[in-house]
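Novice: I need the structure of the sequence given here:
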Amino acid sequence: MRRWQTVIALIPFVGFSFSYMGHMARSYEFVAAADRGDTEAVQAGLEEGLGADSVGNHGRTALEYAAFRGRTDIVRLLLKNEADPERTMAAAMASDIPRIVVTLAGAGAHLSGPQGVSALCSAAAQGDCDTVRALMYRGIDINAHRIEGVKEGETGMTPILYAARSGSWKTFQILADRGANLRAQSDDGKTALIYAEGTGTPDSAIICRYLIHHGADVNATDDQGETALSVAMSSKSKGARDMQAVLLQNGAKIK
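Specialist: Just a heads-up that it's a prediction; the model follows:
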């Protein structure tokens with residue numbers, strides 16, 4: 001008799017256990033949907049009543065996965081449903097997708113100075129004009145050196161150097177018009193002119209002419225002894241010969 005009483009007493013707990021396991025399984029699938037970019041599944045989970053801050057089996061939220069993967073639409077959907085943006089900023093920074101950083105900051109997440117500079121540098125490197133403007137609007141220092149998310153060979157670079165290297169004239173112009181230091185150098189001595197010469201895009205010729213017109217030293221060398229001309233001479237891009245001529249016409253010396 002006592003055995004049956006014990007079994008009956010345990011029934012509610014067993015029911016709760018199965019219910020809890022079912023809820024966790026749905027939460028894990030919800031987070032997995034955000035990770036793989038399944039917007040419809042995420043929307044269905046929200047309509048089912050799952051919280052926007054549901055956690056997956058590795059302790060990360062749907063928003064963190066979406067931010068890390070660069071799922072902009074899902075990030076916005078989750079934020080609209082009151083997901084917490086603050087804990088997600090680190091994942092967004094790791095994704096190196098600056099527009100996600102801007103979206104989170106717009107939703108109230110704290111964007112530190114170094115994080116903002118890193119995001120601005122990434123946006124400049126990607127030629128993302130809208131994000132560059134958005135970050136400048138938030139007061140990010142356009143002449144600061146990147147200290148977070150620095151890749152090999154990028155130490156000491158500023159947003160204008162990334163823009164020159166990207167070969168995007170529009171991005172470069174936005175920064176230049178706002179007073180970016182055109183004489184900035186990376187820690188290994190590379191100038192905006194050297195970076196632009198190594199890009200070989202159609203816009204890079206415009207950037208180079210702009211820099212020369214504004215007083216760039218055409219004979220400046222980096223730590224390896226490379227100049228804008230030596231970079232142009234080793235380039236296989238279609239516009240390399242034209243750029244060599246421009247540099248030579250403006251006093252560049254062959255070493």
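
Novice: Help me confirm that residue 110 comes into contact with residue 86.
Specialist: Yes - applying C-beta atoms under 8 Å as the test, residue 110 and residue 86 come out as touching, 6.6 Å apart. Where C-beta positions appear, they are placed from N, C-alpha and C, glycine not excepted.

Novice: what ranges do the helices span in the stretch 51-200 of the chain?
Specialist: In the stretch 51-200 of the chain, the helices defined using DSSP state H, counting those that start in this stretch lie at 62-69, 72-80, 89-95, 98-106, 113-125, 129-137, 159-166, 169-177, 192-197.

Novice: So which of these is nearest residue 226?
Specialist: Across those, residue 226 has its closest neighbour in helix 192-197 (6.6 Å, C-beta to C-beta).

Novice: Would you mind pulling the contact partners of that closest one?
Specialist: Here helix 192-197 makes contact (C-beta atoms under 8 Å, 6 or more residues apart in numbering) with 160-161, 164-165, 167, 182, 184, 204, 207-208, 211-212, 216-218, 220, 222, 226-229, 231-232, 235, 243, 247.

Novice: List only those of those residues flagged as buried.
Specialist: 160-161, 164-165, 167, 182, 184, 204, 207-208, 211-212, 216, 218, 220, 222, 226-229, 231-232, 235, 243, 247 (16 or more other C-beta atoms under 10 Å).

Novice: now the stretch 51-200 of the chain, which segments are flagged as low pLDDT?
Specialist: Nowhere does the stretch 51-200 of the chain drop to pLDDT under 70.

Novice: so who does residue 203 touch?
Specialist: Applying C-beta under 8 Å, 6+ apart to residue 203 gives the contacts 167, 168, 169, 170, 172.

Novice: Throw together a ChimeraX command that grabs the buried residues out of these.
Specialist: In ChimeraX syntax, the buried subset of the contacts of residue 203 is picked out as below (16+ other C-beta under 10 Å):
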select :167,168,169,172
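
Novice: possible to save the contacts of residue 203 as CSV with distance to residue 117?
Specialist: Below are the contacts of residue 203 laid out as CSV (distance: C-beta to C-beta, whole Å):
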residue, distance to residue 117
167, 21
168, 18
169, 22
170, 20
172, 17
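
Novice: and the helices of the stretch 51-200 of the chain as TSV, adding distance to residue 40?
Specialist: Output for the helices of the stretch 51-200 of the chain, formatted as TSV (distance: least, C-beta to C-beta, whole Å):
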stretch	distance to residue 40
helix 62-69	14
helix 72-80	10
helix 89-95	22
helix 98-106	20
helix 113-125	29
helix 129-137	27
helix 159-166	35
helix 169-177	34
helix 192-197	43
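
Novice: Of those helices, which is nearest residue 42?
Specialist: helix 72-80 (5.5 Å).

Novice: What residues of the closest one count as buried?
Specialist: 74, 75, 76, 77, 78, 79.

Novice: That's all I had, so thanks and see you.
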